[in-house]
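Build me a model:
(4 chains)
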Protein chains: 2
Amino acid sequence: MATMKEIARQTGVSVSTVSLVLNNRDEGRVKPHIAQQVRQTAERLGYAPNPLARSLRTSRTKILGFISEEIATTPFAGGIILGSQDAASTLGYMMITVNTDGVSNEDDEIAALQRYGVDGFLYAKMSNRLAQIPQSITDYPVVLVDATSEGHRFPSIQPDEFRIGYDATKCLIEAGCKKIAYIGCDDDMPAQIGRLQGYRQALEDAGLHFDECRTIAIGGHGPALSAVSKLFDNERPDGFFCFNDARAWYVYECAARRGLEIGRDISVVGVDNHRVFAETLHPRLTTVELPHYEMGYWAVCRLVSEIEHRPPSSFIMPATTAQMPALDAPAPASIHCTLINKESVARQA
Amino acid sequence: MATMKEIARQTGVSVSTVSLVLNNRDEGRVKPHIAQQVRQTAERLGYAPNPLARSLRTSRTKILGFISEEIATTPFAGGIILGSQDAASTLGYMMITVNTDGVSNEDDEIAALQRYGVDGFLYAKMSNRLAQIPQSITDYPVVLVDATSEGHRFPSIQPDEFRIGYDATKCLIEAGCKKIAYIGCDDDMPAQIGRLQGYRQALEDAGLHFDECRTIAIGGHGPALSAVSKLFDNERPDGFFCFNDARAWYVYECAARRGLEIGRDISVVGVDNHRVFAETLHPRLTTVELPHYEMGYWAVCRLVSEIEHRPPSSFIMPATTAQMPALDAPAPASIHCTLINKESVARQA
DNA sequence: GTGAAAGCGCTAACAG
DNA sequence: CTGTTAGCGCTTTCAC
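Model (predicted):
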């Protein structure tokens, strides 16, 4: 690993000059001619700055701390991490991810991150819910991911839940469905509330009647399957909007048992269904993909913009539909979600 | 953040003395009395060493690099990362994870990790296959996870594939199955080879006939479902050993369409089926859980033992069935997998 | 036994 | 315009 010292020696200048040049602070301070030389030897030696040594002076490590509660074990979380890492990488940062199972070790993990001098924190949840930010990080730059802080005290990146519900329902309506069920979960988190509102709004806009009987809120275990079964038999819905994978699975099972085929006999729009599943078993299944990757990506951009006090507009936009939220936006920004398989999806009525 | 300097000042000694004491090198070099005092002020100030500053002298950062190819997007990968991080955390290390989609950016990511001075690398794959270790990391300590290096040039942690196949098949046999199918994938990786061998061996040991017709190798898309369908109708197997989730889903679908219930009419043992799925829809489903967490955990232990030149026996054993592989083991170590739901699982014949 | 001093790679005042 | 100097937090000789 080449050092500035070595470059200085080989170029015949002092280390400070090298530092100035390689940090692009040579404008009118170093003769273009000599700056040129410095850059050349740096190039030749394949110089790369040692961020750790630099941090000793600047107290900026270019390391970001990613705090997640066992989020890493879901494929969704993976998307967030992936996006964060890509953004971090392009912006010249590194990410250290820590898992905090519940709250027991959270403080320790945070302390460890602080010892490594992280410049800021990403605080991610598995599903858009209210989050309690630990006291110990409140005077660092913090950005929430897929979570909301009480009183919106911290910037956060989250999906546009209302629109998820609206788009999904609209998609079913356009496919010709008349009796659309909502298979939700038994927890009143922001995600569910927003989607349900979107669902109702879409029905209303289409002049369809909202019927409480067609929405169910089920947990992850036991009686859930029979609840869905009952819904199938009592209401005979022709369209299903499912809160998530786990909820959608019940629908698949019930449909298969009744000999109903997704995309022909009934239509299903799920949120975040596993691609492999959707693409192989039910090719006509419509999926609302949560913008996990984008959320991670923009969260990091937001965080870095906070750390470096630069406007968000200076960030590179990747080829996604997501927009960088305004830095001075008072309310938490939300990200639009895209429907995949939109064409081939629903009932070919 | 308290520094040694501050401790020295408050205790009335020099920084060197503090350093000696806090690194436990004071034996016979510093008066016990004064050492005691140093430790006290350190405690009082909540001192924690700055690993980055330390690294400047020692060129040991206590940072580990985790290289994975888009592994982070699967829940399985999550387990590995989780395990690695837990181990790293207990051993006083930090992990920086990078994703390399394919090979394009691999060198860049590695270079970045090297700039941050990682002490060693974990190189993880998504499924036990042959891996090509990048030249750039070959003179660092490296441990492979769920992968095999050509010629076993690097230590690796991987599941005991043979035993996975053996146990799964045996479990089906014990449940009374006579015609056991193997639903594999169309790729000859170490994982598949080992499991298939285990499958055959288990059949043989039970005096059952191995029939090529009952094993299929399918890809992830299109014709796979009809292939399984055909197998159902032609062979009418009463037990299924599935290579993975994606393969198992085909079986669930076919069964549901025929009104067959898992655990009553047919038995299924899958590898790494999603818990939520297994536990809700098919409570009697048997799952072979890949020891992802353990693999990650032990991989880090192995790596650290290499970095610090200390024997593996000095590592803390977590409460799992996994054994720490011997440091001097010539062949790659493998980890036993455990069956979950074993009791409630298979056919109640 | 203990402290002074040097140096890891880098940045930032300040001279000149 | 450029170099000298000091110092970030820590380890490590080497004198005393």
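
What ranges does chain A have for its strands?
For chain A, strands defined by DSSP state E occupy the ranges A:63-68, A:94-99, A:120-131, A:142-149, A:156-159, A:180-185, A:215-218, A:239-242, A:267-271, A:286-289, A:333-335, A:338-340.

quick one, the longest one and strand A:142-149 angle?
Between the axes of strand A:120-131 and strand A:142-149, defined by axes from the mean of the first three to the mean of the last three C-alpha atoms, to 10 degrees, the angle is 0 degrees.

follow-up on the earlier one: tell me the most buried of the strands of chain A?
Stretch with highest mean neighbour count among those: strand A:239-242 (a mean of 29; mean count of other C-beta atoms under 10 Å in any protein chain shown). All C-beta spots, glycine's among them, are computed from the backbone N, C-alpha and C.

Identify the neighbouring strands of it in the sheet and state each direction.
The strands beside strand A:239-242 in its sheet (DSSP bridges) come out as strand A:180-185 (parallel), strand A:267-271 (parallel).

quick one on the thing from earlier: can I get the strands of chain A in CSV including mean pLDDT and distance to DNA strand D?
Rendered in CSV, the data for those read as follows (pLDDT from 0 to 100; distance: least, C-beta to the nearest atom of the strand, whole Å):
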stretch, mean pLDDT, distance to DNA strand D
strand A:63-68, 94, 15
strand A:94-99, 91, 19
strand A:120-131, 87, 19
strand A:142-149, 88, 23
strand A:156-159, 84, 32
strand A:180-185, 94, 47
strand A:215-218, 92, 52
strand A:239-242, 92, 52
strand A:267-271, 85, 47
strand A:286-289, 76, 45
strand A:333-335, 45, 36
strand A:338-340, 43, 47
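
Let me know which of these is the nearest to B:P141.
With C-beta to C-beta as the criterion, B:P141 lies closest to strand A:94-99 of those, at 19.3 Å.

name the helices or strands packed onto that closest one?
In terms of contact count using 3 or more C-beta pairs under 8 Å, 6 or more residues apart in numbering or on different chains; DSSP states H and E, strand A:94-99 is assigned the packing partners strand A:63-68, helix A:75-90, helix A:106-115, helix B:75-90, strand B:94-99.

Now render these as a markdown table, adding distance to A:F210.
Rendered in a markdown table, the data for the helices and strands packed on strand A:94-99 read as follows (distance: least, C-beta to C-beta, whole Å):
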| stretch | distance to A:F210 |
| --- | --- |
| strand A:63-68 | 36 |
| helix A:75-90 | 29 |
| helix A:106-115 | 41 |
| helix B:75-90 | 35 |
| strand B:94-99 | 43 |
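
OK, contacts around the residue in the stretch 101-250 of chain A that DNA strand D sits nearest to?
Checking the stretch 101-250 of chain A residue by residue against DNA strand D with C-beta to the nearest atom of the strand singles out A:R115 as nearest, at 8.8 Å. Residues in contact with A:R115 (C-beta atoms under 8 Å, 6 or more residues apart in numbering or on different chains) are B:M1, B:A48, B:P49, B:N50, B:P51.

what bits of the stretch 151-300 of chain A have low per-residue confidence?
Filtered on pLDDT under 70, the stretch 151-300 of chain A yields the residue ranges A:220-222, A:273-285.

and the residue of it nearest DNA strand D?
Per C-beta to the nearest atom of the strand, A:V300 is where the stretch 151-300 of chain A lies closest to DNA strand D, at 26.4 Å.

Quick check, that residue in contact with A:A87.
Yes: in this structure, A:V300 is within contact of A:A87 by C-beta atoms under 8 Å, at 3.7 Å.

Who has more neighbours out of those two?
Set side by side, A:V300 and A:A87 give different neighbour counts by other C-beta atoms under 10 Å in any protein chain shown, the larger being at A:V300 (30 against 26).

show me the contacts for that one.
A:L64, A:G83, A:S84, A:A87, A:A88, A:L91, A:Y93, A:M95, A:L122, A:V143 are the contacts of A:V300 under C-beta under 8 Å, 6+ apart.

Kindly recompute the last result at 6 Å.
Neighbouring residues of A:V300 by C-beta atoms under 6 Å, 6 or more residues apart in numbering or on different chains: A:S84, A:A87, A:A88.

Which positions within stretch A:193-206 qualify as buried?
Within stretch A:193-206, the residues scored as buried using 16 or more other C-beta atoms under 10 Å in any protein chain shown are A:G194, A:R195, A:L196, A:G198, A:Y199, A:R200, A:Q201, A:A202, A:L203.

circling back to that earlier point, Serialize the strands of chain A to CSV and add fields for distance to B:R29.
CSV is the format used below for the strands of chain A (distance: least, C-beta to C-beta, whole Å):
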stretch, distance to B:R29
strand A:63-68, 35
strand A:94-99, 35
strand A:120-131, 40
strand A:142-149, 44
strand A:156-159, 52
strand A:180-185, 62
strand A:215-218, 67
strand A:239-242, 68
strand A:267-271, 63
strand A:286-289, 62
strand A:333-335, 58
strand A:338-340, 65
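
what's the closest of those to B:S127?
strand A:94-99 (22.1 Å).

Provide the angle between the direction of that closest one and the direction of helix A:106-115.
Between strand A:94-99 and helix A:106-115, the angle formed by their directions is 170 degrees, by the same axes, to 10 degrees.

next one: strand A:94-99 to chain centre, how far?
15 Å (C-alpha atoms, centre = their mean, to the nearest Å).

so it versus strand A:63-68, what angle?
Taking the same axes, to 10 degrees, one finds strand A:94-99 and strand A:63-68 inclined to each other by 20 degrees.

Compute the inter-axis angle for strand A:94-99 and helix B:75-90.
Orientation check (the same axes, to 10 degrees): strand A:94-99 against helix B:75-90 gives 90 degrees.

what's next to strand A:94-99, contact-wise?
Contacts with strand A:94-99, where a contact means C-beta under 6 Å, 6+ apart, come from A:63-68, A:70, A:72, A:84-85, A:88, A:109, B:82, B:85, B:94, B:96-97, B:116.

Stretch A:59-70 now?
A:51, A:55, A:88, A:93-101, A:113, A:117-124.

Thanks again, I'm all set now.
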